[in-house]
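[1] all I have is the shape, not the residue letters:
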């Protein structure tokens, strides 16, 4: 066993939808979460900047000596995984690979659609992962940039604006007869019911938060690093801005109240020394 | 006269809708623009963080020895104006005061509505400015957080998603019988036709970009700092991320192509030294 926590980072509060599954599957583990709420979102930004921000977030977590780091952000997973693996001394689990594996397994040879932020879709990371797993599968990818602000505004799945936007984005996807759809952004599980209602019961919907948590549990088991099942793990959250908003909005992602949120000053996570940033 | 440029900053590319009016009213002036596209948007962030980011943006502009700085961002104007005025050696024009003055002048004693980002509306800056100018006026304020991503996605005013969201946000405003509406975010002029169609011809709509540009011209005239009318001014843009996206999306705000956009590394605008950030 290893008594270190699981470190989790995200561009903001979306990663709490991954933490929700981590806590269900691994209730004995301590979790330390960093949400980069000062610079959220990552999904409209360049590869270079996302790599820089993701490395800063992961480095911030290293002070807690995590036994595993989860990149609970599809944009960071899609654009910065190689840089994270190269730099971090800690094993890392991203959200793209587990979601892609589940999609390939559930599509039964049919078409697969991935929805996500502009940056995640433009990166081509999901189609690349899916091609490796299911070379014959037809893969569609669709950016849905309004989904994040719809969720952050607190709209639910019955809201007519939500159902209108879901129909606008997914009309063509529905016509293409896909078999599996990956929610390739940690905000999207909160719109799952609206998406499922629109696409109908024949489309299997994959929440990468659950798949990622299963992958995290398997990795810890394999390394003999699970904490004793008798204890109850803690959740400590750190954010680069607006802890009150994080606490208020984040509880919807987590499914319960958030007790501990600490504001992190820029000096504690930004590394502006020349040479620290990828060219 | 003064041969320095006009400095303009914004959280991203929205401020180009102000630059559009500046260039129409003051075609002889050079303009240097900084868009903080690495950390956009400011509208969902805390006062403390918006002050920090706005000061960094304005300090970046000082190297060009501007004769005037325009805070072409409603969120920065609403939350950081005092800090900017206190720190900057350069005269500063914000977008809130000119918009409020125009609203008070055009409402004819009727109700005034301000729409803007979550942070702008929560700040109460517009109602405070309006109360000082028109103490008897009834003032409504409504955050419209989906408008920015709708514009950035490239949707136009006839898009059914746009008209649906406009109706959702402004239904109550229409029922309240307002006389003037302030577009309190530099993205919103691109949705002007959809907003005007929904509210009808009796509501006077104020684009703070135009009002701000008039205020800038008046300030330069008063200081005897206008450039000679015979010359044609230049526009130089600097961004903290994604110059290609800025060039592509920004041209819709500016009304023509953007020639010169330079990427600015974090070292050139971030000041992480302890003590530089407001507590």
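    Ah, there it is. This is a predicted model, so every value here is computed, not measured.
[2] tell me where the stretch 51-200 of chain A has helices.
    Along the stretch 51-200 of chain A, the segments classed as helices by DSSP state H, counting those that start in this stretch run A:74-87, A:96-106, A:118-123, A:125-133, A:147-152, A:160-175, A:192-199.
[3] for residue A:7, helix, strand, or coil?
    strand (DSSP: H, G, I helix; E, B strand; the rest coil).
[4] how many neighbours does it have?
    Neighbour count of residue A:7, defined by other Cβ atoms under 10 Å in any protein chain shown: 28. Bear in mind the C-beta positions are built from the backbone N, C-alpha and C, glycine included.
[5] verify the stated contact: it with residue A:69.
    Yes: using Cβ atoms under 8 Å, residue A:7 is in contact with residue A:69, at 4.3 Å.
[6] still on that earlier bit, adding mean pLDDT and distance to chain B, write the helices of the stretch 51-200 of chain A out as a markdown table.
    Below are the helices of the stretch 51-200 of chain A laid out as a markdown table (pLDDT from 0 to 100; distance: least, Cβ to the nearest Cβ, whole Å):
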| stretch | mean pLDDT | distance to chain B |
| --- | --- | --- |
| helix A:74-87 | 98 | 12 |
| helix A:96-106 | 97 | 21 |
| helix A:118-123 | 96 | 9 |
| helix A:125-133 | 96 | 18 |
| helix A:147-152 | 96 | 5 |
| helix A:160-175 | 97 | 5 |
| helix A:192-199 | 98 | 14 |
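[7] re the thing from before, joint contacts of residue A:7 and residue A:69?
    A:58, A:61, A:90 (Cβ atoms under 8 Å, 6 or more residues apart in numbering or on different chains).
[8] filter the residues you listed down to just the buried residues.
    Buried members of these, scored by 16 or more other Cβ atoms under 10 Å in any protein chain shown, are A:58, A:61, A:90.
[9] ok, residues contacting the strand or helix carrying residue A:18?
    In the assignment (DSSP states H and E), residue A:18 maps to helix A:16-25. Contact partners of helix A:16-25, identified using Cβ under 8 Å, 6+ apart, comprise A:6, A:8, A:10, A:29, A:31, A:33, A:35, A:70, A:72, A:95, A:186-187, A:189-190, A:207-210, A:212-214, A:216-217, A:233, A:235, A:250, A:253-255, A:258.
[10] ok, now with 7 Å
    For helix A:16-25, the external contacting residues (Cβ atoms under 7 Å, 6 or more residues apart in numbering or on different chains) are A:6, A:8, A:31, A:33, A:70, A:72, A:95, A:186, A:189, A:209-210, A:212-214, A:216-217, A:235, A:250, A:253-255.
[11] which of those are buried, as a ChimeraX select command?
    Per 16+ other Cβ under 10 Å, the buried members of the contacts of helix A:16-25 correspond to this ChimeraX selection:
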select /A:6,8,31,33,70,72,95,186,189,209,210,212,213,214,216,217,235,250,253,254
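[12] of the contacts of helix A:16-25, which belong to strands?
    Judged by DSSP state E, the contacts of helix A:16-25 include A:6, A:8, A:31, A:33, A:70, A:235 as members of strands.
[13] out of these, which is nearest to residue B:77?
    In terms of Cβ to Cβ, no member of these lies closer to residue B:77 than residue A:33, at 32.9 Å.
[14] how close does that closest one get to residue A:260?
    The gap separating residue A:33 from residue A:260 is 10 Å, by Cβ to Cβ, to the nearest Å.
[15] what does residue A:59 give?
    Taking Cβ to Cβ, one finds residue A:59 at 21 Å from residue A:260.
[16] who has more neighbours out of these two?
    Between residue A:59 and residue A:260, residue A:59 has the larger neighbour count (other Cβ under 10 Å), namely 16 against 12.
[17] what is the burial count for residue A:107?
    For residue A:107, using other Cβ under 10 Å, the count is 25.
[18] ugh, typo on my part, it should be residue A:247
    17.
[19] can you tell me which helix or strand it belongs to?
    Using DSSP H and E, residue A:247 falls in helix A:243-254.
[20] what element comes up after that helix heading to the C-terminus?
    Heading C-terminal from helix A:243-254 (DSSP H and E), you reach strand A:261-263.
[21] show me what that next one is packed against.
    strand A:235-239, helix A:243-254 (3 or more Cβ pairs under 7 Å, 6 or more residues apart in numbering or on different chains; DSSP states H and E).
[22] circling back: pick the one among the ones in strands among the contacts of helix A:16-25 closest to chain B.
    Proximity of the ones in strands among the contacts of helix A:16-25 to chain B (Cβ to the nearest Cβ) peaks at residue A:33, which lies at 18.4 Å.
[23] and the closest one, what is it in contact with?
    A:8, A:15, A:19, A:235, A:237-238.
[24] farthest-apart pair in those, please.
    Among the contacts of residue A:33, A:19 and A:238 lie farthest apart (Cβ to Cβ), at 12.9 Å.
[25] these two - which one has more neighbours?
    Ranked by neighbour count (other Cβ under 10 Å), residue A:19 and residue A:238 place residue A:19 first, with 27 against 24.
[26] what is in contact with residue A:33 and residue A:260 at once?
    residue A:237.
[27] so where is chain A shaky, pLDDT-wise?
    Across chain A, the ranges flagged by pLDDT under 70 are A:272-279.
[28] could you list the domains of it?
    A:6-94+A:210-268, A:97-208 (automatic domain parsing).
[29] correct me, but residue A:262 touches residue A:238?
    Yes: taking Cβ atoms under 7 Å as the definition, residue A:262 is a contact partner of residue A:238 at 5.1 Å.
[30] what's the burial count for residue A:201?
    Residue A:201 has 7 nearby residues by other Cβ under 10 Å.
[31] where does it land in three-state SS?
    coil.
[32] again with the one 4 residues further on
    Using three-state DSSP as the criterion, the local structure at residue A:205 reads strand.
[33] which residues sit in contact with it?
    Contacts of residue A:205 by Cβ under 7 Å, 6+ apart are A:181, A:183, A:192, A:195-196.
[34] go on, residue A:166?
    A:191, A:194-195, A:198 are the contacts of residue A:166 under Cβ under 7 Å, 6+ apart.
[35] would a markdown table of those with distance to residue B:112 and neighbour count be doable?
    Formatted as a markdown table, those follow (distance: Cβ to Cβ, whole Å; neighbours: other Cβ atoms under 10 Å in any protein chain shown):
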| residue | distance to residue B:112 | neighbour count |
| --- | --- | --- |
| A:191 | 35 | 26 |
| A:194 | 35 | 23 |
| A:195 | 39 | 24 |
| A:198 | 39 | 18 |
